[in-house]
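Asker: pasting the sequence and the predicted model now:
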Amino acid sequence: MKSKKNSHPKTEPVITLMPLCEPEAVRWDMQQIQLGVARRAYELFETRNREHGHDWEDWFQAESELLRPVSIAVSEAAERFSIRANVLGFQVNELKVSIEPKRIVILGRKQSSGESEIPPADFYPDMILRMIDVSSEIDPARAAVELQSGILKFELPKVAQQAEKAAAAGKA
């Protein structure tokens, strides 16, 4: 008798290309999030009877209460940067990504489900603000960004390499 294997069809992860936002539009949203963090840091300062000397502590506490941490992995090759950012739990419509020549900005805001205003016991912040600076200039127009299984994947070609290749091609 032949053994029957449990053959579950493998499901391919869904890959979604991320639309990029204009840096100016993202800056506005970024400022709103930073103002919220500043307000919360000031509240913490006031609860300590306005005792000075704890400003960084208050700021980091406010960030930890309001912003979800985003771990990243960066690898650099001669012609490009590859960046992976963990945004697990966020959908494409809840994320904004902006790419500038030396900076990537990721903003995220979970959309409320319209349920109870009381956060669950395992409450986790519902916003992301992560800025990633890179050491070489990149070409935002040629960048590829996709969301796959909670990971934002960036492939960012460097500008300097394009100029060097063009110069090398001109000499040949």
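Answerer: That came in fine, so what should we check first? All of these numbers come straight from a predicted model, not from anything done at the bench. Numbering: from 1, shown residues only.
Asker: just the helices in the protein please.
Answerer: 23-47, 55-66, 159-171 (DSSP state H).
Asker: dump the residue contacts of the closest residue to Ser98 other than its chain neighbours.
Answerer: In space, Ser98 comes closest to Val26 once its chain neighbours are excluded; the distance is 3.9 Å by CB to CB, 6 or more residues apart in numbering. In this view, the C-beta of every residue, glycine as well, is placed from N, C-alpha and C. Val26 makes contact with 96-98, 105, 107, according to CB atoms under 8 Å, 6 or more residues apart in numbering.
Asker: how confident was the prediction at Val26?
Answerer: Here the pLDDT value assigned to Val26 is 90.
Asker: separation between it and Asn49?
Answerer: To Asn49, Val26 is 37 Å away according to CB to CB, to the nearest Å.
Asker: can you check Ala73 too?
Answerer: Distance, Ala73 to Asn49, using CB to CB: 42 Å.
Asker: with neighbour numbers in mind, choose between these two.
Answerer: Taking other CB atoms under 10 Å, Ala73 and Asn49 do not tie; Ala73 has more neighbours (10 against 6).
Asker: what bridges to that one?
Answerer: Beta-bridge partners recorded for Ala73 (DSSP bridges): Arg84.
Asker: beta partners for the residue most central in space within the chain?
Answerer: Nearest to the geometric centre of the chain sits Ile106, at 3.3 Å (CA atoms, centre = their mean). In this entry, Ile106 is beta-bridged to Val97, Arg130, by DSSP bridges.
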